[in-house]
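Novice: requesting a structural model of the entry that follows:
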Amino acid sequence: MIQPPRLAPGFTIGILCPAGAIPMEKVTFCAHILESWGYQVRIGNTVGTKFGHFSASDSDRQKELQSMMDDPEINTILCARGGYGLSRIVAGLDFTKFKANPKWVIGFSDITVLHAALQKQGIQSIHGPMAAGFGKGEQGQPYIDALRKMLEGDAQPVQAKANPANLLGSAKGVLVGGNLCLIAHLIGSENQLDTQGKILCIEDVGEYHYNVDRMLIQCKNAGLLDGLAGLVVGGFTDMQDEATAFGETVTEIVQRLTKGANYPICFNFPLSHELDNMPLQLGATYRLSVTETEALLTKI
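Specialist: Purely as a prediction, here's the structure:
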């Protein structure tokens, strides 16, 4: 897949809201940090506005995303936040100019839809902190620093502590995935993930255990869990349960649905809606090593 060019001082980062709304002050805080790194920042018209559940109308959000994708003066697109909305506009995007002049697109959560569309076009993108994540203080700083290094061409290996549920092994493959809800949502669409021979990463937030079970069953039935090179399970945070508990943890659900798998699996990887959210290059080739002492994901 095509890897967009690394950034250098003086390059321009465009910030926009292609889905949910965000207060302007959160984005200006991020912009000041990016400017301190030596970048120019252009804040889009979808930032600081609200249109029902979204930052702006479908038409305005699509128009601004298309404009930033096509603008040769913008070198990277940083999504301000996720939420919901990309599914309503992604089909209308034209990637012709973007493929001729590729640039990094950064985000996670609802941005998984855009990542999937970019992978269909053969272009890498970054699953990582968005503008809203720049204000999480010292605890969130390592993830922001890692994003800067990745943008400047120095992708760092990502490590997770050993977990008794891990399935040990080593594998190499193109990295795909993101938010589980969106991965399941894309099944049957033109942007359904191709996971064959690839390393799949998943995470989610605020879901009921039964819904995670249902989404993973859907993925399994669609073949997304078969023929993987490896599986990286990130954070499933703020999980919900009914008065009668579901009876299985997310780890146990994954174990049941991957029983007999011949590929390495790691759990509690720093990939989530919480502070632990290391940037990863979707569409790039990684090596996943899961041992008794750690899990390590290294870009090759």
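
Novice: and K136, what's its pLDDT?
Specialist: We have a pLDDT of 85 for K136.

Novice: once you drop chain neighbours, what's closest to it?
Specialist: Nearest residue to K136, sequence neighbours excluded (C-beta to C-beta, 6 or more residues apart in numbering): L275, at 6.0 Å. Quick note: C-beta positions are derived from backbone N, CA and C, even for glycine.

Novice: can you tell me the SS state at that neighbour?
Specialist: coil (DSSP: H, G, I helix; E, B strand; the rest coil).

Novice: and what of K97?
Specialist: helix.

Novice: measure the residue found closest to it once you drop the neighbours it is linked to in the chain to L93 for me?
Specialist: Sequence neighbours aside, D70 is the residue nearest to K97 in space, at 4.4 Å (criterion: C-beta to C-beta, 6+ apart). Distance, D70 to L93, using C-beta to C-beta, to the nearest Å: 10 Å.

Novice: so those two - more neighbours on which side?
Specialist: Remark: of D70 and L93, L93 carries more neighbours, 18 against 15, as counted by other C-beta atoms under 10 Å.

Novice: next up, the contacts around that one.
Specialist: Applying C-beta atoms under 8 Å, 6 or more residues apart in numbering to L93 gives the contacts Q62, L65, Q66, M69, A117.

Novice: which among those residues end up buried?
Specialist: Burial by neighbour count, 16 or more other C-beta atoms under 10 Å: within the contacts of L93 this picks out Q62, L65, Q66, M69, A117.

Novice: from these, which land in helices?
Specialist: Q62, L65, Q66, M69, A117 (DSSP state H).

Novice: quick one: the helices in the stretch 151-300 of the chain?
Specialist: For the stretch 151-300 of the chain, the helices defined by DSSP state H, counting those that start in this stretch occupy 180-185, 209-221, 250-257.

Novice: isn't N166 up against F267?
Specialist: Yes - N166 is within contact range of F267, at 6.1 Å (criterion: C-beta atoms under 8 Å).

Novice: higher neighbour count, the two?
Specialist: Shown here are N166 and F267; by other C-beta under 10 Å, F267 has more neighbours (25 against 21).

Novice: tell me which helix or strand in this structure has the weakest average pLDDT.
Specialist: helix 137-151 (a mean of 94; mean pLDDT, DSSP states H and E).

Novice: which elements pack onto that helix?
Specialist: strand 125-127 (3 or more C-beta pairs under 8 Å, 6 or more residues apart in numbering; DSSP states H and E).

Novice: pick the most deeply packed of the helices of the stretch 151-300 of the chain.
Specialist: helix 180-185 (a mean of 24; mean count of other C-beta atoms under 10 Å).

Novice: which elements pack onto it?
Specialist: helix 112-120, strand 199-205, helix 209-221.

Novice: quick one on the thing from earlier: any chance of the contacts of L93 in a markdown table, plus pLDDT and distance to A160?
Specialist: Below are these laid out as a markdown table (pLDDT from 0 to 100; distance: C-beta to C-beta, whole Å):
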| residue | pLDDT | distance to A160 |
| --- | --- | --- |
| Q62 | 99 | 37 |
| L65 | 99 | 33 |
| Q66 | 99 | 37 |
| M69 | 99 | 33 |
| A117 | 99 | 28 |
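
Novice: next, the buried residues of the longest strand anywhere in the chain.
Specialist: Ranked by number of residues, the top strand in the chain under DSSP state E is strand 169-179. In terms of neighbour count (16+ other C-beta under 10 Å), strand 169-179 has its buried residues at G169, A171, G173, V174, L175, V176, G177, G178, N179.

Novice: next, the angle helix 112-120 makes with that strand.
Specialist: Orientation check (axes from the mean of the first three to the mean of the last three C-alpha atoms, to 10 degrees): strand 169-179 against helix 112-120 gives 120 degrees.

Novice: can you check what angle separates strand 169-179 from strand 199-205?
Specialist: Using the same axes, to 10 degrees: strand 169-179 against strand 199-205 is 40 degrees.

Novice: output strand 169-179 as PDB, nothing but the C-alphas.
Specialist: What follows is strand 169-179, C-alpha atoms only, in PDB (Å, rounded to 0.1, in the frame of the first residue of the first chain):
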ATOM      1  CA  GLY A 169       3.300 -17.000  18.400                       C
ATOM      2  CA  SER A 170       4.700 -14.700  15.800                       C
ATOM      3  CA  ALA A 171       3.200 -13.400  12.600                       C
ATOM      4  CA  LYS A 172       3.700 -10.900   9.800                       C
ATOM      5  CA  GLY A 173       1.000  -9.100   7.900                       C
ATOM      6  CA  VAL A 174      -0.700  -5.900   6.900                       C
ATOM      7  CA  LEU A 175      -2.500  -4.200   9.800                       C
ATOM      8  CA  VAL A 176      -6.200  -3.600   9.400                       C
ATOM      9  CA  GLY A 177      -9.100  -2.900  11.800                       C
ATOM     10  CA  GLY A 178     -10.200  -0.300  14.300                       C
ATOM     11  CA  ASN A 179     -13.500   0.100  16.100                       C
END
